[in-house]
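*Asks:* Here is my input, please return the structure:
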Amino acid sequence: MTAHVPVAVLTAYATGELGADDAMAWPVEAHLETCAQCQDRLAGLIPAPVGEMLAETRTAILARARNGPKPARRRRLRRLTHRWAAWSVFPWALVTLMAVIAAFLLDAAFPVRSAVVLLLAPVAPLGGLAVAWSRRWDPAWETVAGTARAGLELLLRRTVVVLATVLPLLAAVGWRLGTNPALWLLPCLTFTAAALLLGGLIGVSRAAVLLGGAWVLAIVLPALVTVRMPVFVQTESLPGWAVTAVALIGLTILRAGDHRHLSK
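*Replies:* Numbering: from 1, shown residues only. Just a heads-up that it's a prediction; the model follows:
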């Protein structure tokens, strides 16, 4: 409706004769949203009882807005928590803390065996990633997934929280054991990037479980049984880990759109 609403139609709308299911109702309402002249005409056509009711309602709302309680201010810590993490990550953080400490105690008590900390380091962040962007573990997942910041940006924020929890702990344990920091840092970052990349295709939780299970079955268990350190956690493997980490990070950025699928 480009011209002004005819007087007869506007009168019928004001008095309620033009029902909500009438075909003319929606173009009238669409026109009234942008036409100040028709809005003024409509105000003059509204029956007196209806006008009085609207005026009283408006006065009550304005009075409530002026005299009512001020909106509660959200605490800064809570805002940061909602933007960067999910509460479901914290139980995982506790479990990871206990696992790394247990690995450290084993390495300290039995130095001749395979370094359990180095074997555990690559998959240490995967538990956190499995719950950081998951409809099963995050009660607000559907709401968060529908926001403008959903996808890789929010997932990277939560990944930073996961790494900020894991890396200092691994650094402290590695320093106490006297290991080369790159031996646990590069595999850790590589598996994190791999989980994000694969997670865009099958879901981050599934990717974390798949990668973590493959590493444990193929590398960790044989190393513990044979008491021999695999080449993947030795110094000569560092260039390969570095190249793989950079490549996976680049591919994850290029495939950022994969993380906007709500089915993941």
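
*Asks:* After the worst-scoring helix or strand of the chain on mean pLDDT, which helix or strand is next? Please name it.
*Replies:* Ranking every helix and strand in the chain by mean pLDDT, DSSP states H and E puts helix 76-84 at the bottom, with a mean of 54. Sequence order places helix 89-109 as the next helix or strand after helix 76-84, per DSSP states H and E.

*Asks:* what ranges of the stretch 51-200 of the chain fall below the confidence cut-off?
*Replies:* 68, 70-89, 110-114, 132-152 (pLDDT under 70).

*Asks:* Show me where it has its helices.
*Replies:* 76-84, 89-109, 116-120, 126-132, 141-145, 152-177, 181-202 (DSSP state H, counting those that start in this stretch).

*Asks:* Can you lay out these as a markdown table showing mean neighbour count and distance to V216?
*Replies:* All C-beta atoms are positioned from the backbone trio N, CA, C, and that covers glycine. Shown next, in a markdown table, are these (neighbours: other C-beta atoms under 10 Å; distance: least, C-beta to C-beta, whole Å):
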| stretch | mean neighbour count | distance to V216 |
| --- | --- | --- |
| helix 76-84 | 12 | 29 |
| helix 89-109 | 16 | 12 |
| helix 116-120 | 24 | 9 |
| helix 126-132 | 25 | 10 |
| helix 141-145 | 14 | 27 |
| helix 152-177 | 18 | 17 |
| helix 181-202 | 21 | 12 |
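
*Asks:* if we compare these, which one ends up closest to V5?
*Replies:* Of all the helices of the stretch 51-200 of the chain, helix 141-145 sits nearest to V5, with 38.9 Å by C-beta to C-beta.

*Asks:* before we move on, the earlier item: would you mind putting the helices of the stretch 51-200 of the chain into JSON lines with distance to G51 alongside?
*Replies:* Shown next, in JSON lines, are the helices of the stretch 51-200 of the chain (distance: least, C-beta to C-beta, whole Å):
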{"stretch": "helix 76-84", "distance to G51": "43"}
{"stretch": "helix 89-109", "distance to G51": "55"}
{"stretch": "helix 116-120", "distance to G51": "73"}
{"stretch": "helix 126-132", "distance to G51": "55"}
{"stretch": "helix 141-145", "distance to G51": "39"}
{"stretch": "helix 152-177", "distance to G51": "48"}
{"stretch": "helix 181-202", "distance to G51": "57"}
